[in-house]
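A.B. asks: Please work out how this folds:
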Amino acid sequence: MTDREHSLRTRLVQRSRPAAGQRRVVNPPIMRASTVLYENVAALRATRTERAERQRTFSYGTHGTPTTFALEDMIADLEGGYRTRVSGSGMAAIAFGLMPFVKPGEHFLITESAYEPVRKFVKAFLEPWGVICEVYKADGSDIVGRFRSNTKLVYAEVPGSGAFEMLDLPALARETKKRGITLAVDNTWGSGILYQPLKLGADVSMLAATKHIVGHSDVLLGAVTTTKEAWAPVHDMHDAFGICISGDDAYLALRGVRTMAVRLPVHEATTMQICKWASQRPEVAAVLWPAWPSHPGHEIWKRDFKGACGLFSLEFKAPQAKVDRFIDSLKCFQIGASWGGYESLVNLTNIPGTRVVTDWSKHGPIVRFHAGLEDPVDLIADLEQAMKHLV
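C.D. replies: Next up, the predicted model:
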């Protein structure tokens with residue numbers, strides 16, 4: 001059996017480790033480097049040639065070390081892509097993953113459900129740079145009518161941030177491909193193990209490895225994975241900005257990725273129990289989680305995803321002031337940004353403020369939760385004791 005014939009669960013454990021055939025440790029050792037020394041001028045020249053041809057070579061710290069190369073190989077496999085480059089945050093990955101594909105005077109379409117800092121990147125950089133930016137509906141239902149002759153890039157997030165709207169990515173990919181438009185997707189919720197946009201027609205997949213891949217809420221990390229055809233501009237942009245990560249962070253991410261296949265099903269099972277409980281509560285107006293049967297786009301999730309993670313939202317009937325007291329009284333769910341670690345979290349959302357095409361004004365307050373690895377009985381009890389503040 002070859003490496004590529006193993007299941008993903010096995011590959012997450014077996015690959016990106018020291019080569020067989022020698023006495024070795026289990027994990028790739030941490031390599032910290034700036035300067036790399038060469039044995040002679042010929043070796044230096046050969047390395048420069050390899051760099052010019054975009055080959056991976058250990059030439060200088062910013063270009064990667066064996067530790068970061070091991071992580072990039074792992075994420076490329078996870079995403080089902082050609083190659084990967086990593087960065088110091090998910091937002092940095094999105095920035096250098098988008099910039100090569102759109103220039104001043106060209107048209108860029110971005111989903112209204114994008115992670116809010118991405119919208120800030122558009123306002124702070126792309127628009128002042130001269131890119132024509134336009135927002136489309138989270139479910140993609142209006143995007144075909146928004147295409148222009150100079151549209152060069154479409155950015156999607158599946159599912160959408162906060163409300164988890166579903167988009168038919170294969171259908172969108174068919175539209176972008178026949179127009180020669182690059183399709184880039186934020187895949188943080190699915191992180192490769194649950195969803196593979198590149199196999200559904202996308203050209204670029206970006207994720208915050210801070211979340212599921214690291215899994216312990218102690219490393220900031222981003223990754224961009226592409227098809228072979230889209231690789232060169234991403235590689236060149238990554239190098240042009242000197243984007244790099246430390247060997248220590250790469251090591252910690254490799255440690256986290258080994259357990260993804262056992263962590264994610266626990267997050268999913270716990271979230272399903274919570275959503276079943278929440279759907280029966282009179283204080284809850286809606287459960288927002290793609291795996292929930294009544295969620296809009298649930299059939300797309302069933303078709304395209306291999307599972308669900310622990311990130312979900314609840315819409316409440318009570319006014320925001322009461323919802324704030326509900327949040328403040330939670331004990332197991334602690335208030336904090338990010339998600340994907342072992343701990344349960346709760347945070348506010350800004351759905352009406354970010355959905356500029358779809359009208360969310362008639363909805364109640366929406367609260368985002370991350371179900372961690374605690375006992376679901378305890379998490380439900382925590383939510384139940386806090387419900388008294390909603391009446």
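A.B. asks: Is residue 32 located within a strand, as I assumed?
C.D. replies: No. According to DSSP: H, G, I helix; E, B strand; the rest coil, the state of residue 32 is coil, so it is not within a strand.
A.B. asks: burial measure for the closest residue to it other than its chain neighbours, as a count.
C.D. replies: Leaving out its chain neighbours, the residue that sits closest to residue 32 by Cβ to Cβ, 6 or more residues apart in numbering is residue 247, at 4.8 Å. All C-beta spots, glycine's among them, are computed from the backbone N, C-alpha and C. When neighbours are counted by other Cβ atoms under 10 Å, residue 247 registers 21.
A.B. asks: Please name the residues that touch residue 247.
C.D. replies: Shown in contact with residue 247 (Cβ atoms under 8 Å, 6 or more residues apart in numbering): 30-33, 65, 67-68.
A.B. asks: Is residue 245 in contact with residue 221, as I believe?
C.D. replies: Yes. Here residue 245 reaches residue 221: they are 6.5 Å apart, a contact under Cβ atoms under 8 Å.
A.B. asks: Touching both of these two, which residues are there?
C.D. replies: Listed as contacting both residue 245 and residue 221 by Cβ under 8 Å, 6+ apart are 86-88.
A.B. asks: Out of those, which end up buried?
C.D. replies: Buried members of those, counted by 16 or more other Cβ atoms under 10 Å: 86-88.
A.B. asks: any chance of those in a markdown table, with secondary structure, pLDDT and distance to residue 122 too?
C.D. replies: Written out in a markdown table, the entries for these read as follows (DSSP: H, G, I helix; E, B strand; the rest coil; pLDDT from 0 to 100; distance: Cβ to Cβ, whole Å):
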| residue | secondary structure | pLDDT | distance to residue 122 |
| --- | --- | --- | --- |
| 86 | strand | 98 | 23 |
| 87 | strand | 97 | 18 |
| 88 | coil | 97 | 20 |
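A.B. asks: which of those residues lies closest to residue 198?
C.D. replies: Taking Cβ to Cβ as the measure, residue 198 sits nearest to residue 86 out of these, at 16.6 Å.
A.B. asks: which residues does that closest one contact?
C.D. replies: Each residue near residue 86 by Cβ under 8 Å, 6+ apart is listed here: 68, 71-72, 75, 93, 209, 221-223, 245, 250.
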